[in-house]
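Participant: When you get a sec, could you give me coordinates for this:
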Amino acid sequence: MIDINKAIEALDWNKEPKGLYEPIAYTLASGGKRIRPTLALIAAQSVMNGGLINGDAIEQTMPAALALEVFHNFTLLHDDVMDKAAMRRGRETVHVKWNENTAILSGDQMLIEAYKLLSNVPADKLPQVLKWFNEMATGICEGQQMDMDFEHMSRVSIADYMTMIEKKTSVLLAYAMKIGGYIAGGTPEQQEALYQFGLHIGLAFQIQDDILDVYGDPKTFGKAIGGDICANKKTFLLLTALETADADTKAELLQWLIATDRNEEKIAGVTELYNRLEVREAGESVMEEHTSLALAQLDKLPQNEATETLRRLAEQLATRKK
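Facilitator: Okay, the predicted model is just below:
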């Protein structure tokens, strides 16, 4: 995988007023997998048919890759305010370490900084990249609103949920890859294959995340198990259980959903119902389906080292523990 960290570390946040820029530096220094910028750079390398040598493909794609990472972290910063989350990546969230007003304003500045980075994309590529970047940003906001709306809706279908995670999670991966392939000179067909790869990987990733929240190992997953159950979060597992349970089992599940002061019992009780209804297996089946759809897209790309890296990434997804 390409190491994006040096480029992120080179970004200068030593500016005034420090109260605006220090939270940005803190957020970007907190780590993370750097999946989105890395995918953009690998996508650029995977096409390699637009007259660019390897170094040029990376150099010309780097501004967009950095913009994607700064934008992604901006969304997390604001998400933490909306969710009232106290921790992110093992550290205090910005609104806890500073305050909510700082988190909102520094997040706003991160969005501006993302567009400033994006402006360094080669001039002949910038209009199309900007169009896609805006489509991606709008999709994420729509997905976030859908997720918030779901909290107050008594009925949410699995189809609605898949649309929400496509917007909230998948489009950022999909456009990261499409933008990388476009800047490096990939054909429209290759760009679309990269987009579809990212889209399906994003869907598989989120469903696996839902599974790990219930069945993962806290030591490797990085957070407490059962958080979605305690919060009554509408995940693939919960919605599948509600759609497939018979009347008695559904009534039992609904009783657990209204329990608010017995978290350990609630996690155990809901997990037992999930086991009975085999919703984990249903989730794994859908995850594997989207992983297969992603892998099929790679046959439409030049077969090189970068494409093999994408193939390994997709195959490893099904066995990830965090």
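Participant: after the worst-scoring helix or strand of the chain on mean pLDDT, next one along is what?
Facilitator: None of the helices or strands of the chain scores lower by mean pLDDT, DSSP states H and E than helix 218-221, at a mean of 71. Proceeding N to C from helix 218-221, the next assigned helix or strand is helix 227-230, under DSSP states H and E.
Participant: Now do the SS call for G31.
Facilitator: Following DSSP: H, G, I helix; E, B strand; the rest coil, the label given to G31 is coil.
Participant: Can I get the helix or strand harbouring L273 in PDB, CA atoms only?
Facilitator: Using DSSP H and E, the element containing L273 is helix 263-277. Output in PDB follows, covering the C-alpha atoms of helix 263-277 (Å, rounded to 0.1, in the frame of the first residue of the first chain):
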ATOM      1  CA  ASN A 263     -26.900  -2.800  28.700                       C
ATOM      2  CA  GLU A 264     -25.000  -6.100  29.300                       C
ATOM      3  CA  GLU A 265     -28.300  -8.100  29.500                       C
ATOM      4  CA  LYS A 266     -29.500  -6.200  26.400                       C
ATOM      5  CA  ILE A 267     -26.400  -7.000  24.400                       C
ATOM      6  CA  ALA A 268     -26.600 -10.700  25.400                       C
ATOM      7  CA  GLY A 269     -30.300 -10.900  24.800                       C
ATOM      8  CA  VAL A 270     -30.300  -9.300  21.300                       C
ATOM      9  CA  THR A 271     -27.200 -11.300  20.300                       C
ATOM     10  CA  GLU A 272     -29.000 -14.500  21.200                       C
ATOM     11  CA  LEU A 273     -31.900 -13.500  19.000                       C
ATOM     12  CA  TYR A 274     -29.500 -12.600  16.200                       C
ATOM     13  CA  ASN A 275     -28.000 -16.100  16.600                       C
ATOM     14  CA  ARG A 276     -31.400 -17.700  16.500                       C
ATOM     15  CA  LEU A 277     -32.400 -15.800  13.300                       C
END
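Participant: Quick one: mean pLDDT over it.
Facilitator: On average, the pLDDT along helix 263-277 is 95.
Participant: Can you work out which other helices and strands pack against it?
Facilitator: helix 188-215, helix 227-230, helix 236-244, helix 247-257 (3 or more C-beta pairs under 8 Å, 6 or more residues apart in numbering; DSSP states H and E). For every residue, glycine as well, the C-beta is placed using N, CA and C.
Participant: Buried ones in the longest one, by neighbour count?
Facilitator: Judged by neighbour count (16 or more other C-beta atoms under 10 Å), helix 188-215 contains these buried residues: 190-215.
Participant: Which residues are in contact with the residue most central in space within the chain?
Facilitator: The chain has T169 as the residue nearest its centroid, 4.1 Å off, counting by C-alpha atoms, centre = their mean. For T169, the contacting residues are G143, G202, L203, F205, Q206, by C-beta atoms under 8 Å, 6 or more residues apart in numbering.
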